[in-house]
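# Give me a 3D structure for the following:
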Amino acid sequence: MVSTPEAPVALITGSSRGIGRVLAGKLAAQGANVVINYKNNEDLAEEALAEVRAAGGDGITVRADIEQPEDIDALFAAVGDRYGRLDYFVASAAASAFKPISQLKLHHLDRNWAMNVRSFVLGAQRAVELMPQTGGRIVVVTSYGSLRAFPTYASLGAAKAANESYVKFMATEFGPRNITVNAVNGGLIDTDSLEFFYGVPGMAPMESVLEKVPLGRAGTADDMASAVQFLLSPAAGYITGQVLTVDGGLTVVAPPFWVDTTGDLHDAVFGVTTDR
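Alright, predicted model coming up:
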């Protein structure tokens, strides 16, 4: 499919890498015009845009630090100047300090709020102003730290929980304009961020967590992007104010874990092992 002036216009924050970049390619394959947002790495953003065009879409790159309100204004102004409207807004960019609560400093708290929560609210405000009378879609990417507590994730987890709360309020306020607002909550997703988190000194080995996941593996950026793509699609037109969890079942399990059982009980789920 080739992008046309009538094709949907999508803005994805943090889309020069990770989930946002994969999603950009998926939307491009449907012919969308994709606005690639980045903070520092222009080369990565241009590579992402080249992938968008190769997939059949088109778009632009816009540098904007979404921690800065004036940059958010400039980002959406660029969308308006180029396309005159916006159909999809996906808040994918995130960053935080992974520390125990007792070690969080004032600048950690302030940056966490600006980067992860304030940027989403301000972005949603600007997005709604650009969405046509026929409606639009807003999706924010969150994570299972909004649902479960685990080491060093308090700052980002609390921010993601705040975003999911905002989703409900936005859904009720923007619904009359036919704008849906949802979240996609990821578990252990195999991106650079996952490697960074499990590289925190003293962190438990990733393998010790993966073995607890019912599906037995980390998720992929494609898993997450596919879920976002669904919520942007006409098939999800009557879904709003919801959190779609993409975690392989991680947030439905609790100790004692099946992987920690032994004997016939263990074999009932994992099959008979040869080392017994």
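# Just the strands from the stretch 151-276 of the chain, written as ranges.
For the stretch 151-276 of the chain, applying DSSP state E, counting those that start in this stretch gives strands covering 179-186, 243-246.
# Let me have those strands in TSV, adding mean neighbour count, mean pLDDT and distance to residue 92 as columns.
All C-beta atoms are positioned from the backbone trio N, CA, C, and that covers glycine. Output for those, formatted as TSV (neighbours: other CB atoms under 10 Å; pLDDT from 0 to 100; distance: least, CB to CB, whole Å):
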stretch	mean neighbour count	mean pLDDT	distance to residue 92
strand 179-186	25	98	9
strand 243-246	19	98	13
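# Excluding chain neighbours, give the residue nearest to residue 191 in space.
In space, and not counting its chain neighbours, residue 191 is closest to residue 18: 4.6 Å by CB to CB, 6 or more residues apart in numbering.
# got it, and residue 213?
residue 248 (4.5 Å).
# returning to what we had before: contacting residues around the residue nearest to residue 191?
Counting by CB atoms under 8 Å, 6 or more residues apart in numbering, residue 18 touches 92, 191, 192, 193, 221.
# any chance of the strands of the stretch 151-276 of the chain in TSV, with distance to residue 151 too?
Below are the strands of the stretch 151-276 of the chain laid out as TSV (distance: least, CB to CB, whole Å):
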stretch	distance to residue 151
strand 179-186	18
strand 243-246	21
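# Out of the ones you listed, which is closest to residue 124?
strand 179-186 (7.3 Å; CB to CB).
# Just the residues contacting the closest one, thanks.
19, 124, 128, 131, 135-144, 146-147, 160, 163-164, 167, 170-171, 174, 219, 224, 227-228, 231, 236-237, 239-247.
# Could you export that strand as CSV, CA atoms only?
Below are the C-alpha coordinates for strand 179-186, written out as CSV (Å, rounded to 0.1, in the frame of the first residue of the first chain):
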residue,chain,number,x,y,z
ILE,A,179,-11.6,9.7,20.2
THR,A,180,-10.7,6.5,21.9
VAL,A,181,-7.9,6.4,24.6
ASN,A,182,-6.3,3.2,25.7
ALA,A,183,-3.0,1.8,27.1
VAL,A,184,-0.9,-1.2,26.2
ASN,A,185,0.8,-2.6,29.3
GLY,A,186,4.0,-4.6,28.6
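# Can you tell me the strand partners of that strand and which way each runs?
strand 136-143 (parallel), strand 243-246 (parallel) (DSSP bridges).
# For the longest one, give the mean pLDDT please.
Think strand 136-143. Mean pLDDT, strand 136-143: 98.
# Buried residues in the top helix by length along the chain, which are they?
Longest helix of the chain, by residue count under DSSP state H: helix 154-174. Buried residues in helix 154-174, counting neighbours by 16 or more other CB atoms under 10 Å, are found at 154-164, 166-168, 170-171, 174.
# List the buried residues in stretch 129-146.
130-131, 136-146.
# Distance from the chain centre to it, please.
11 Å (CA atoms, centre = their mean, to the nearest Å).
# quick revisit: the strands of the stretch 151-276 of the chain: which one's closest to residue 113?
strand 179-186 (17.6 Å).
# can you give me the angle that closest one makes with helix 154-174?
160 degrees (axes from the mean of the first three to the mean of the last three CA atoms, to 10 degrees).
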